[in-house]
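Colleague: fold the following.
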Amino acid sequence: MEQEKCTILVIDDEKSIRRLLEKELATSQRDLLTAADGKEAMTILKNNWVDVIIMDLRLPDVSDLSLLIEVKESVPYVEVVMITGHGDVDSAVEAMKFGAYDFIQKPFNLERLDLVIEKAHQRVLLARENTILKHNRDRSREQIQFIGKSQVISDIKFLINKVAPAQIPVLITGDSGAGKDVVARMIHQLSSCANNTMIIKNCASLQKELARSELFGHMKGSFTGATDSHEGLMAFAHDSTLFLDEIGELSMGVQASLLRVLETQTYRRVGEKEERKVNIRLLFATNRNLAEEVEHGRFNEAFFHRINAFNIEIPSLKERKEDLPLLVDFFLTRLSPDNSSYKIVESAMNCIMRYQWPGNIRELRNVIERSIILAENNIITERCLPRELISVAEESQASLSLESVEKNHILKILQFYDGNRQKSADTLGISRKTLYRKLANYNS
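Modeller: This is a model prediction of the structure:
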């Protein structure tokens, strides 16, 4: 994985210091920004993503540690390195009590400053990574696959490959368990931000009153219980992908705020007046019919048209049963303990093929996982399958048996009347048209 870029903000009223640090610290993996005072620094912070700040302890427009305190409250996930003169060491130590990472004395030891910046940046990345861990159920970087060779799956793969390099939002629709999250992960893996961690959030798990705060972050004191400032998922998905599943669960107000992010690439934390810029790829998913939700006034119409610009619809598993053998083989390999080899007998596979799979891929995965546990000598038989799969197969078999009996009876009557269809229909008690239709079905 490539090293993540570090953006450094140097705040110092001496132009020579700003120029020196801009020249000496800049590398291919670092971006340098500079500010001459606290006011200019806060403007830069509201319009740029900054990882590490190098701040002079004494600035012309701020007193003591007020800028440090304001920075730590406004941008929690940033590390601040203080620049201090020989006589200000006690003040620099005091600054560390208010959240400064370290301090460097003038004149600079550039090697030490470089090392401190690297350590501060690693601490920033670790803090963000820990937060991402709380939101992502599965952070594995394994290659995601959309299993299937049916025409509909080939079409979906074509759409994924076309839209992945673009920055436009994508709406992924389909029944629960159909694989919408797999499509989202594939889009991320094929995008320009694939090296950064994708953030996933199921909107159904968000508390309605806290959804805005969790998505956009909040300022200290912005609502009851907001004892500290916090970044939201928007900040952590900067330069990456944010996948919001079950988007229909969000309130109209939050939908409007997400529309603003799509239109302007800016957002505002709860309780904050200034807009923040963000570079983010947004993917959405739902099992609802959002067009109907719009008609009933339950979904923001403008937001719907914006995210529906590129829609990928995932078919249910019953609509692509030709992919079932491939999916079964995939799960048998993936879920088998200790790389053991499992086989499924023909009668069990027939049960799987006849079942309608209302729970889609998720249900199939659970059935295969259960079957592996119940298998004897690594052989999966009908006894390893849930009762509902066997019942469907038995009903299907019974239906086939009745059709077979009827077919044999009709053919015997036709043979008795030397193929005379009118007499055969009269004897059978059905119309000649019905007899023709049944015979056509038998031939097909």
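
Colleague: the protein - how does it break down into domains?
Modeller: 6-135, 151-313, 317-385, 402-443 (automatic domain parsing).

Colleague: mind putting those into CSV with mean pLDDT, mean neighbour count and distance to residue 391?
Modeller: (Glycine included, C-beta is placed from N, CA and C.) Shown next, in CSV, are those (pLDDT from 0 to 100; neighbours: other CB atoms under 10 Å; distance: least, CB to CB, whole Å):
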stretch, mean pLDDT, mean neighbour count, distance to residue 391
domain 6-135, 84, 17, 40
domain 151-313, 91, 18, 21
domain 317-385, 91, 16, 9
domain 402-443, 77, 13, 17
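
Colleague: ranges for the strands of the stretch 201-350 of the chain?
Modeller: Under the criterion DSSP state E, counting those that start in this stretch, the stretch 201-350 of the chain contains strands at 217-218, 230-231, 240-245, 266-267, 276-277, 280-286, 311-313, 343-344.

Colleague: got TSV for the ones you listed, with distance to residue 166 too?
Modeller: Listed next are the strands of the stretch 201-350 of the chain as TSV, based on distance: least, CB to CB, whole Å:
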stretch	distance to residue 166
strand 217-218	27
strand 230-231	27
strand 240-245	12
strand 266-267	20
strand 276-277	20
strand 280-286	9
strand 311-313	13
strand 343-344	41
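
Colleague: right, and those - which one's nearest residue 35?
Modeller: strand 276-277 (16.4 Å; CB to CB).

Colleague: name the residues that touch stretch 4-17?
Modeller: Stretch 4-17 has contacts (CB atoms under 8 Å, 6 or more residues apart in numbering) with 18, 21-22, 25, 29-38, 41, 44-45, 48-56, 59-60, 67, 83, 117, 121, 125, 196.

Colleague: ends of it, what's the gap?
Modeller: End-to-end span of stretch 4-17 (CA to CA, to the nearest Å): 26 Å.

Colleague: now stretch 182-201
Modeller: Length of stretch 182-201, first residue to last, CA to CA: 14 Å.

Colleague: give me phi/psi at residue 127?
Modeller: phi -60, psi -40 (degrees, to the nearest 10).

Colleague: excluding its backbone neighbours, what's nearest it?
Modeller: residue 77 (5.4 Å; CB to CB, 6 or more residues apart in numbering).

Colleague: would you confirm that that neighbour contacts residue 232?
Modeller: No - applying CB atoms under 8 Å, one finds residue 77 not in contact with residue 232, separated by 11.1 Å.

Colleague: re earlier: tabulate the domains of the chain (JSON lines), appending distance to residue 145.
Modeller: Below are the domains of the chain laid out as JSON lines (distance: least, CB to CB, whole Å):
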{"stretch": "domain 6-135", "distance to residue 145": "23"}
{"stretch": "domain 151-313", "distance to residue 145": "8"}
{"stretch": "domain 317-385", "distance to residue 145": "8"}
{"stretch": "domain 402-443", "distance to residue 145": "39"}
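
Colleague: re earlier: could you look up the SS state of the residue nearest to residue 127?
Modeller: Following DSSP: H, G, I helix; E, B strand; the rest coil, we place residue 77 in the coil state.

Colleague: thinking again about what came up before, nearest to residue 253, of the strands of the stretch 201-350 of the chain?
Modeller: Nearest of the strands of the stretch 201-350 of the chain (CB to CB): strand 266-267, 13.4 Å.

Colleague: so what touches the closest one?
Modeller: 216, 232, 234, 257, 260-261, 275-278.

Colleague: again with stretch 364-384
Modeller: Outside stretch 364-384, the residues that reach it (CB under 8 Å, 6+ apart) are 317, 324, 327-328, 331-332, 335-337, 340-345, 347-348, 351-352, 357, 359, 385-386, 389-390, 393.

Colleague: please report the distance of residue 316 from residue 331.
Modeller: For residue 316, the distance to residue 331 equals 17 Å [CB to CB, to the nearest Å].

Colleague: same thing with residue 427?
Modeller: Where residue 331 is concerned, residue 427 sits at a distance of 52 Å (CB to CB).

Colleague: and what of residue 356?
Modeller: To residue 331, residue 356 is 18 Å away according to CB to CB.

Colleague: hmm, residue 271 is touching residue 224, no?
Modeller: No - using CB under 8 Å, residue 271 is not in contact with residue 224; the gap is 11.8 Å.

Colleague: that older thread, could you export the contacts of strand 266-267 as TSV, including distance to residue 100?
Modeller: Output for the contacts of strand 266-267, formatted as TSV (distance: CB to CB, whole Å):
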residue	distance to residue 100
216	27
232	24
234	26
257	33
260	34
261	32
275	27
276	23
277	25
278	26
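
Colleague: show me those residues that map onto helices.
Modeller: Residues of these located in helices (DSSP state H): 216, 234, 257, 260-261.

Colleague: let's have these in CSV, adding distance to residue 432.
Modeller: Shown next, in CSV, are the ones in helices among the contacts of strand 266-267 (distance: CB to CB, whole Å):
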residue, distance to residue 432
216, 72
234, 71
257, 68
260, 68
261, 67
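
Colleague: so which of those is the closest to residue 169?
Modeller: Using CB to CB, these come closest to residue 169 at residue 261, 9.6 Å.

Colleague: and residue 111, helix, strand or coil?
Modeller: Judged by three-state DSSP, the three-state class of residue 111 is helix.

Colleague: helices of the stretch 151-300 of the chain, start to end?
Modeller: Secondary structure of the stretch 151-300 of the chain (DSSP state H, counting those that start in this stretch): helices at 151-163, 180-189, 211-216, 233-236, 252-264, 290-295.

Colleague: before we move on, the earlier item: go through the domains of the chain and name the closest to residue 144.
Modeller: Residue 144 sits nearest to domain 151-313 of all the domains of the chain, at 4.2 Å, using CB to CB.

Colleague: now the closest one, how far from the chain's geometric center?
Modeller: 9 Å (CA atoms, centre = their mean, to the nearest Å).

Colleague: do me a favour and get the end-to-end distance for that domain?
Modeller: Domain 151-313: ends 13 Å apart by CA to CA.

Colleague: could you do stretch 333-340 as well?
Modeller: 8 Å.

Colleague: who touches that stretch?
Modeller: For stretch 333-340, the surrounding residues in contact (CB under 8 Å, 6+ apart) are 342, 365, 368-369, 372, 378.

Colleague: which members of those occur in helices, if any?
Modeller: The helices, defined by DSSP H, take in 365, 368-369, 372 from these.

Colleague: closest to residue 409 out of those residues?
Modeller: residue 368 (41.0 Å).
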